[in-house]
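[1] whatever this is, show me its structure:
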Amino acid sequence: MTYASIRSAAQEAAKTGQLLPHQLAALSRLDEILTDAQRQEFTDLWRAKGIPATAPSTAQQQIDALAPLLALIRAGEGTYTSVNRGKAGDTPAGLPTLITLSLGQVMTTQAAGSYFAVGAYQFIPDTLKMAANAAGIGNTVVFNENTQDRLAVALLLGGKRPTLRDYLLGKNNDLEGAQLDLAKEWASIPDHRGRGYYDGDSAGNQATAKASKVRNALVAARRRLATPKLDIPAQQPAKVTPSSPFST
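    Below you'll find the model as predicted:
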């Protein structure tokens with residue numbers, strides 16, 4: 001069987017809370033009376049349109065869903081204590097105390113010209129401010145590993161790169177456009193042709209990741225966002241208070 005059934009599609013939707021049990025039962029019943037041709041038509045439409053994902057609701061869930069893509073970006077950009085003054089690799093030792101500073105202190109060092117790009121995702125001044133606003137992170141928050149990951153997620157799922165955001169959320173199927181957006185945001189990332197958007201610029205940037213790995217990471221991130229791992233606590237048995245000593 002090469003087609004997908006309405007029942008199986010509905011079951012996937014039910015897992016993410018998009019369908020109630022009685023709705024799932026209704027769609028399962030409908031699936032039973034469809035012909036093979038009708039199921040095939042459904043499959044073609046389903047796969048063509050896709051299902052827009054509902055992004056995980058908490059910052060940590062978003063970081064977990066996007067973890068492999070974030071790791072790929074960090075591999076080419078730097079560590080959580082990396083800094084530069086305007087040229088790639090001009091401060092190889094980084095700033096060991098960077099992850100102990102507040103976001104406001106980091107922004108102050110950038111404004112003073114001490115450093116230009118900071119952290120594992122090499123945030124430049126304007127981008128750092130934009131990401132902080134998008135993520136709702138205040139100046140007193142420590143610029144540690146988790147904060148930097150949250151800021152990177154804000155760039156991936158925020159409004160700065162709409163093609164990338166909408167691809168990750170399943171609202172478009174433009175994988176090449178998403179990869180180009182990613183390359184525009186991070187110099188170590190190549191577009192689908194294997195070229196970095198900033199290759200050979202005055203800062204000495206050069207894309208280092210493989211285009212195929214970036215493509216696979218984007219596809220995987222989209223899938224992980226669509227089916228986040230839910231941490232559902234076990235239900236406790238209800239407590240029954242008898243209305244009289246003779247109640248059961």
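
[2] which of the residues in the helix ranked longest in the chain are buried?
    Longest helix of the chain, by residue count under DSSP state H: helix 211-226. Using 16 or more other CB atoms under 10 Å as the test for burial, helix 211-226 gives A211, V214, R215, A217, L218, A221, R222, R224, L225, A226. Quick note: C-beta positions are derived from backbone N, CA and C, even for glycine.

[3] distance of the closest residue to P162 other than its chain neighbours from A67?
    Leaving aside its sequence neighbours, P162 sits nearest to D181 (CB to CB, 6 or more residues apart in numbering; 7.9 Å). D181 sits 19 Å away from A67, going by CB to CB, to the nearest Å.

[4] so can I have a markdown table of the buried residues of helix 211-226 showing distance to A59 and pLDDT?
    A markdown table is the format used below for these (distance: CB to CB, whole Å; pLDDT from 0 to 100):
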| residue | distance to A59 | pLDDT |
| --- | --- | --- |
| A211 | 29 | 98 |
| V214 | 24 | 98 |
| R215 | 26 | 98 |
| A217 | 20 | 98 |
| L218 | 21 | 98 |
| A221 | 16 | 97 |
| R222 | 19 | 96 |
| R224 | 15 | 94 |
| L225 | 14 | 92 |
| A226 | 18 | 87 |
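
[5] and stretch 108-122, how far out from the chain middle?
    Here stretch 108-122 shows a centroid-to-chain-centroid distance of 24 Å under the convention CA atoms, centre = their mean, to the nearest Å.

[6] identify the residues contacting it?
    Where contact means CB atoms under 8 Å, 6 or more residues apart in numbering, the residues beyond stretch 108-122 that reach it are 73-74, 77-86, 91, 95, 98, 101, 106, 123-125, 128, 143, 145, 148, 151-152, 155, 186-187.

[7] just the ones of those residues in strands?
    Under the assignment DSSP state E, the contacts of stretch 108-122 contribute V83, N84 to strands.

[8] for ChimeraX, what selects the buried ones among the contacts of stretch 108-122?
    Buried residues within the contacts of stretch 108-122, by 16+ other CB under 10 Å, are selected in ChimeraX with:
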select :73,74,77,78,80,81,82,83,84,91,95,98,101,106,123,125,128,143,148,151,152,155,186,187
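
[9] from the contacts of stretch 108-122, which land in helices?
    I73, R74, E77, V106, P125, L128, E145, Q148, L151, A152, L155.

[10] name the nearest residue to the third one, sequence neighbours excluded.
    When you say that, I think you mean E77. Q122 (4.7 Å).

[11] count the residues that sit near the one you found.
    Neighbour count of Q122, defined by other CB atoms under 10 Å: 24.

[12] per-residue pLDDT, it?
    Listed pLDDT for Q122 reads 98.

[13] quick one on the thing from earlier: neighbour count: D181 and A67, which is higher?
    The neighbour comparison of D181 against A67 (other CB under 10 Å) goes to D181, with 25 against 13.

[14] okay, now the unreliable bits of the chain?
    Low-confidence segments of the chain, defined by pLDDT under 70: 1-19, 41, 43-57, 228-248.

[15] pick out the residue nearest the middle of it.
    In the chain, the C-alpha nearest the mean C-alpha coordinate belongs to L66, at 4.1 Å (CA atoms, centre = their mean).

[16] that residue contacts A220, doesn't it?
    No - taking contacts as CB atoms under 8 Å, L66 lies outside contact range of A220: 9.6 Å.

[17] between the two, which contacts overlap?
    Common neighbours of L66 and A220, using CB under 8 Å, 6+ apart, do not exist here.

[18] so what's L155 up against?
    Y121, T127, M130, A131, A134, R161, E185 are the contacts of L155 under CB under 8 Å, 6+ apart.
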